[in-house]
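Colleague: Build me a structure from this.
(chains A and B, ligands or ions: 2)
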Amino acid sequence: MAEPDDRVLHLAGIRKSYGSGEVESEILHGIDLTLRRGEFAALIGPSGSGKSTLLNLIGLLDRPTAGQLHIDGEDSGRLDDTGLTRLRGQRIGFVFQHHHLIPAFTAEENVAMPLLVARGRPDAEMFARAGRLLDQVGLADRKRHLANRLSGGQQQRVAIARALVTDPSLVLADEPTGNLDTHSADDVFALLREFNRRQHTTFLIVTHDPRLAARCDRIVELVDGRIVADRPPGPA
Amino acid sequence: MKTWLPFEWIAAVRFLREGRMQSLLIIVGVGVGVAVIVFMSALLSGLQANLIKRTLSSQAHITLLPPEEIARPQQATDATALRLQKQAQRLRAIDQWQTLRDRLETWPEIAAVSPVASGPAFAVRGEANKAITVVGIEPERYNRVISLAERLTAGQLRVGAGEAVIGIELARDLGAEVGDKLRLSAADGRSDTLTVTGLFDLGNKGVNARNVYVGLRTAQSLLDLVGGVSSIDLALHDLDLAEQLARRIAGEIGLTADSWIKTNAQFVTALTSQRVSSNVIRFFIALSVAFGIASVLVVSVIQRGKEIGILRAMGATQAQMRRIFLLQGGIVGFFGSLLGSALAWSFLMLWQLLARNPDGTPMFVIGVEPGLVALAAGGASLVGILSALLPARRAAQLDPVVAIRG
Ligand SMILES: Nc1ncnc2c1ncn2[C@@H]1O[C@H](COP(=O)(O)OP(=O)(O)OP(=O)(O)O)[C@@H](O)[C@H]1O
Ligand SMILES: [Mg+2]
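Modeller: Ligands and ions are numbered 1, 2, ... in the order given. Model prediction:
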């Protein structure tokens, strides 16, 4: 159905263990997974099944113990820390559960942060872009507010704008609505979906909420460090 | 956001501003340390400069004397015995002193050259009789070595024929004032009667009681040194080079050259050990300031773990994280040093108000020089950066996964 270069993410035989020697315990036991451009996938599974561990590997925040991990065709195993950091900065956007904005900066500055980090100096273009994204997430009037002066739902919308500011290939969201009330959760989810439709950005979203998972294109289920199901939504 | 600042500077400044109380406390801590160091340095260099100035108020930086003659009674004939005896009695003189004077005046290190004919004599006035040193000078040249004119308490620096300038101690001992006459008598019955034209106070009791300044000619005839001088006094541009230069002169010209450093060896040693002990104290103050900065930054790295993790997830490199914390150390050091210099300046003003001579004049004038402030600012910034090395390393090596989860 799609060309090979359509693969934003490609995992083959990914394993991850913590500890070493006698106390070594393997959390992920050989994960194979491919995400194509424009996919909007949910990652579900019981607590402790390894969802966050997998997301951290995909996000290049951590290295697998074994297996291959390609982002946009680039083999992460060949990169050193600086190379991983660069690839991460260019291709991946993060949305965390606890919104994780930097309180010393304004909403606008937080959104522009990935560009600032990459370019090394502030410029007008990055703030224009941050401003447009804040408009799109409905926070046009909160641009100059310090991050910690915003409500939880507002902070998460800022975090989404930040994840998208570099125009990444893949956005990873670890329980992005886990800390929000139902109403805000729906808003935030709708925003993610909207960016996916408009820009064909690929999303991988960890969620415990079956209601939200059902609104994704694809549901990947992880149990005890193995993928046990990978299906479109609908009656299982 | 200031558009000309790089990312690391922006983040460092924001982090410091956000941790207001911590930043303020550590800057004050650095400031107190810097203040003590600057205050000590200014006080010590002021004190030492003052001591040296006092010591050198009646001394040349280098004094050239005739080469040491070794009496060698090779053949003990009557003639040599006679000559040996004569040598012992007569003042030794420097040959060709005019040529030498003109030659030394061309040396760039030498500020002034002053030939002197001096020797022992007695000053007699009425009943009073004092052992003194006749010092024959060329007043203009001499004044550039020892500022006699400035130190006059009465009269003028006039040492023409029949004129003499004497110290205030001697004036008191002899009951003489400007305009009075006194008689100088030297060996072999040579004597001269002179009018006192001025009184000086060189800040040294011995010198004030002993030295009688007269014209070079007058001294030469009194001391039987006709056409000769007994020593040449030098003033230098750089005091500290005196000993080196003295060796060079001795080597090149073949005279004995005594530098003030050698003639005041004990005094110079005392100054040096004072400086060494103050350096030790300053080093330990700087060390404790460094530990203070380091501990605050270590805590800050722990507190900001999550933010460091986020920035790393946003693509910030380890090097960027390291620089953010090194900069915080440097900035704290820099602002601490400004505060410290201001504090030191106030201490010094206060000290000058309190430390006064018995007559109410300030003991000596010291200030915080711009150079010292610049040095303190540079030094404290460097110490700040150095003390941030360890915290910055921790920040750079923080595992973003752990930081974000935590
Ligand atoms: N740094 C670590 N060292 C050792 N064990 C770890 C580490 N990180 C995670 N684990 C373990 O790995 C397993 C999977 O954890 P992970 O956080 O990936 O689960 P999860 O699916 O995200 O769970 P949740 O739904 O509760 O967020 C857990 O048993 C956890 O204790
Ligand atoms: Mg998790």
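Colleague: what about the helices in the stretch 1-150 of chain B?
Modeller: B:7-18, B:20-56, B:78-89, B:97-105, B:139-145 (DSSP state H, counting those that start in this stretch).
Colleague: Relative to ligand 1, which of these is closest?
Modeller: Among these, the nearest to ligand 1 by Cβ to the nearest ligand atom is helix B:7-18 (26.4 Å). Yep, even glycine has a C-beta here, placed from its N, CA and C like the rest.
Colleague: And the host helix or strand of A:Ile219, what's buried?
Modeller: Here A:Ile219, judged by DSSP states H and E, is contained in strand A:218-223. Within strand A:218-223, the residues that qualify as buried are A:Arg218, A:Ile219, A:Val220, A:Glu221, A:Leu222, counting by 16 or more other Cβ atoms under 10 Å in any protein chain shown.
Colleague: So which bits of the helix or strand that it is followed by are buried?
Modeller: Later in the chain than strand A:218-223, the nearest helix or strand by DSSP H and E is strand A:226-231. For strand A:226-231, the neighbour count (16+ other Cβ under 10 Å) marks A:Ile227 as buried.
Colleague: Strand A:226-231: partners in the sheet, and parallel or antiparallel?
Modeller: Strands that pair with strand A:226-231, judged by DSSP bridges, come out as strand A:218-223 (antiparallel).
Colleague: now the strands for the chain?
Modeller: Using chain A here. A:7-18, A:25-36, A:40-44, A:66-71, A:74-75, A:92-95, A:170-174, A:202-206, A:218-223, A:226-231 (DSSP state E).
Colleague: please go with chain B instead
Modeller: With DSSP E as the criterion, chain B has strands at B:62-65, B:110-125, B:128-137, B:152-155, B:163-167, B:181-185, B:191-200, B:211-215, B:231-236, B:256-259.
Colleague: Make JSON lines from those strands and add mean neighbour count and distance to chain A to it.
Modeller: Formatted as JSON lines, the strands of chain B follow (neighbours: other Cβ atoms under 10 Å in any protein chain shown; distance: least, Cβ to the nearest Cβ, whole Å):
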{"stretch": "strand B:62-65", "mean neighbour count": "22", "distance to chain A": "59"}
{"stretch": "strand B:110-125", "mean neighbour count": "20", "distance to chain A": "53"}
{"stretch": "strand B:128-137", "mean neighbour count": "20", "distance to chain A": "69"}
{"stretch": "strand B:152-155", "mean neighbour count": "16", "distance to chain A": "67"}
{"stretch": "strand B:163-167", "mean neighbour count": "26", "distance to chain A": "71"}
{"stretch": "strand B:181-185", "mean neighbour count": "17", "distance to chain A": "82"}
{"stretch": "strand B:191-200", "mean neighbour count": "20", "distance to chain A": "68"}
{"stretch": "strand B:211-215", "mean neighbour count": "24", "distance to chain A": "71"}
{"stretch": "strand B:231-236", "mean neighbour count": "23", "distance to chain A": "53"}
{"stretch": "strand B:256-259", "mean neighbour count": "21", "distance to chain A": "57"}
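Colleague: need those strands in JSON lines with distance to B:Gln48, can you?
Modeller: JSON lines is the format used below for the strands of chain B (distance: least, Cβ to Cβ, whole Å):
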{"stretch": "strand B:62-65", "distance to B:Gln48": "20"}
{"stretch": "strand B:110-125", "distance to B:Gln48": "21"}
{"stretch": "strand B:128-137", "distance to B:Gln48": "28"}
{"stretch": "strand B:152-155", "distance to B:Gln48": "27"}
{"stretch": "strand B:163-167", "distance to B:Gln48": "26"}
{"stretch": "strand B:181-185", "distance to B:Gln48": "38"}
{"stretch": "strand B:191-200", "distance to B:Gln48": "25"}
{"stretch": "strand B:211-215", "distance to B:Gln48": "26"}
{"stretch": "strand B:231-236", "distance to B:Gln48": "17"}
{"stretch": "strand B:256-259", "distance to B:Gln48": "17"}
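Colleague: From A:Ala107, how far off is the residue in chain A that chain B sits nearest to?
Modeller: In chain A, the residue that lies nearest chain B is A:Gly89 (2.0 Å; Cβ to the nearest Cβ). Distance, A:Gly89 to A:Ala107, using Cβ to Cβ, to the nearest Å: 20 Å.
Colleague: So which residues on chain A come close to ligand 1?
Modeller: Proximity of chain A to ligand 1, by Cβ under 6 Å from any ligand atom, involves residues A:Tyr18, A:Ile27, A:Gly45, A:Ser47, A:Gly48, A:Ser49, A:Gly50, A:Lys51, A:Ser52, A:Thr53.
Colleague: Just the residues you listed: which are in helices?
Modeller: A:Lys51, A:Ser52, A:Thr53 (DSSP state H).
Colleague: Next, count neighbours for the closest residue to the last one other than its chain neighbours.
Modeller: Nearest non-adjacent residue to A:Thr53, counting by Cβ to Cβ, 6 or more residues apart in numbering or on different chains: A:Ile27, 5.2 Å away. Number of residues near A:Ile27 (other Cβ atoms under 10 Å in any protein chain shown) recorded here: 17.
Colleague: Verify the contact between A:Ile27 and A:Gly19 for me.
Modeller: No - in this structure, A:Ile27 is not within contact of A:Gly19 by Cβ atoms under 8 Å, at 10.1 Å.
Colleague: Bridge partners for B:Val134, pull those for me.
Modeller: B:Gly119, B:Val212.
Colleague: Next up, the contacts around it.
Modeller: For B:Val134, the contacting residues are B:Ala117, B:Ser118, B:Gly119, B:Pro120, B:Ala121, B:Leu184, B:Ala186, B:Val212, B:Val214, B:Ala219, B:Leu222, B:Leu223, by Cβ atoms under 8 Å, 6 or more residues apart in numbering or on different chains.
Colleague: With pLDDT and distance to ligand 1 as extra columns, can I get those residues in TSV?
Modeller: Formatted as TSV, these follow (pLDDT from 0 to 100; distance: Cβ to the nearest ligand atom, whole Å):
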residue	pLDDT	distance to ligand 1
B:Ala117	93	92
B:Ser118	92	89
B:Gly119	92	93
B:Pro120	93	93
B:Ala121	94	96
B:Leu184	93	99
B:Ala186	89	99
B:Val212	95	92
B:Val214	95	95
B:Ala219	93	94
B:Leu222	92	99
B:Leu223	91	96
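Colleague: what's the closest of these to B:Leu372?
Modeller: Taking Cβ to Cβ as the measure, B:Leu372 lies nearest B:Ser118 of the contacts of B:Val134, at 40.9 Å.
Colleague: So what's the gap between stretch A:178-195 and the chain middle?
Modeller: In terms of Cα atoms, centre = their mean, to the nearest Å, the centre of stretch A:178-195 is found 14 Å from the chain centre.
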